[in-house]
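Asks: Provide a 3D model corresponding to the input given below.
(one chain, ligands or ions: 1)
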Amino acid sequence: MGTTANREPATPDVLWANGRFGQTSRRDRWWLSPLLVFLGLGTFLVYANWAAWQNQHYTFGPYISPFYSPEIFGDSPHAWFGPKPTWYPSFLPFSPALLILWIPGLFRLTCYYYRGAYYKSFWADPPACAVGEPRKSYLGERTFPLVLQNFHRYFLRLSYLVWGFLVYDAWKSFWFQGRFGLGIGSLVLTVNVVLLGGYVFGCHAFRHLVGGVFDRVSEHPIRYQLYNCVTCLNGNHKKWAWASLCSVGFADIYVRLCSMGIWLIFYTLPNKVAATC
Ligand code: FES
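Replies: This next block holds a predicted model:
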């Protein structure tokens, strides 16, 4: 039997110390995933920024875009505290979305899954596993600025608040002029909160909060059940992340197009089917 000292040194797949950017012995299409992430996240970021600054076409009847909810101040009937207050600094731009969108935005920005995804696709650090990176030093997340990613656990708590408001919006979307009904928007907003729920309740930080704080979580039956549920969601965290990202963007587009009179909306009331723009 050979000893460690007698073994031939293994040839590394990537010459990490002296390798070039992009150098790899991988033969698969390792670049495809980062490219798709770049295109997907990039498109969403451009659209979400554009939509957040519009300050119009974000409500239609009982529907409100998730980008603008909860609408703290604003001109729509959905606003909790009425129009923009007089004390609001005139030099600051105003849109109800700007007051709230930073919470889900920073929550996703600091999400463990997205971090792994955009580190690869946006600044190629590394572009993929076992592929040469553009820099030779490893800074990690223990120094500024990436140490700020640890605020994820706090954005998690704020995100549950926002999610609660979105659940309320979904419920309200079934009420048309005081009568219960069903519209495409009701389904869009309901599916959106389900997908968002799968994403936020499968969060790694929430999993720790629920059961990770115990040495033996199995000794706490209720927390153990919860922990297993969160673990189940957490196993598909990437899928929930993308599905909810698409649904939240689509919900805004749907409400916007209805408000602009482009998308015909159907809804049913007891004994009545109606269509309007
Ligand atoms: S780790 Fe992704 S939402 Fe917390």
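Asks: all contacts plus neighbour counts: C-alpha atoms, from now on.
Replies: Fine.
Asks: Let me see the contact set for the residue of the stretch 151-277 of the chain found nearest the ligand.
Replies: As assessed by CA to the nearest ligand atom, the ligand sits closest to residue 203 within the stretch 151-277 of the chain, at 3.6 Å. Counting by CA atoms under 8 Å, 6 or more residues apart in numbering, residue 203 touches 111, 230, 234, 237.
Asks: pLDDT score for the most centrally placed residue in the chain?
Replies: For the chain, residue 108 is the residue whose C-alpha lies nearest the centre (CA atoms, centre = their mean; 4.6 Å). On pLDDT, residue 108 comes in at 98.
Asks: So it sits against residue 114, correct?
Replies: Yes - counting by CA atoms under 8 Å, residue 108 does reach residue 114; the two are 6.7 Å apart.
Asks: how about the strands in the protein?
Replies: 59-60, 63-64, 175-176, 179-180, 182-183, 265-269, 272-276 (DSSP state E).
Asks: Show the contacting residues for the residue nearest to residue 101 when sequence neighbours are not counted.
Replies: Distances taken as CA to CA, 6 or more residues apart in numbering place residue 67 nearest to residue 101, at 6.3 Å, with adjacent residues excluded. Going by CA under 8 Å, 6+ apart, residue 67 touches 48, 51, 52, 97, 100, 101, 248, 252.
Asks: Show me the residues you listed that map onto helices.
Replies: Counting by DSSP state H, these place 48, 51, 52, 97, 100, 248, 252 in helices.
Asks: I'd like to know how far the second one sits from the ligand.
Replies: Spelled out, it's residue 51. 23 Å (CA to the nearest ligand atom, to the nearest Å).
Asks: rewinding a little: could you provide the contacts of residue 67 in TSV, with additional columns for neighbour count and pLDDT?
Replies: As requested, those are exported to TSV (neighbours: other CA atoms under 10 Å; pLDDT from 0 to 100):
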residue	neighbour count	pLDDT
48	18	98
51	22	98
52	21	98
97	26	98
100	19	97
101	20	97
248	24	98
252	26	98
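Asks: ok, for the residue of the stretch 51-200 of the chain found nearest the ligand, nearest residue in space, not its chain neighbours?
Replies: Nearest residue of the stretch 51-200 of the chain to the ligand: residue 111, at 3.8 Å (CA to the nearest ligand atom). Excluding the flanking residues, the one nearest residue 111 by CA to CA, 6+ apart is residue 152, at 6.6 Å.
Asks: Count residues in the vicinity of that neighbour, would you?
Replies: Neighbourhood size, residue 152 [other CA atoms under 10 Å]: 20.
Asks: ok, it - contacts?
Replies: Counting by CA under 8 Å, 6+ apart, residue 152 has contacts 106, 107, 110, 111, 205.
Asks: Buried only: go through the residues you listed for me.
Replies: The neighbour count (16 or more other CA atoms under 10 Å) marks 106, 107, 110, 111, 205 as buried among the contacts of residue 152.
Asks: So what's the residue count around the closest residue to the second one other than its chain neighbours?
Replies: On the basis of CA to CA, 6+ apart, the spatially nearest residue to residue 107 that is not a chain neighbour turns out to be residue 155, at 5.2 Å. Using other CA under 10 Å, residue 155 has 21 other residues around it.
Asks: One more: residue 50?
Replies: Neighbours of residue 50 (other CA under 10 Å): 11.
Asks: And it, what's its pLDDT?
Replies: 98.
Asks: how far away is it from residue 109?
Replies: 18 Å (CA to CA, to the nearest Å).
Asks: list the contacts for residue 34?
Replies: 117, 118, 120, 121, 127, 128.
Asks: Good, we can wrap up now.
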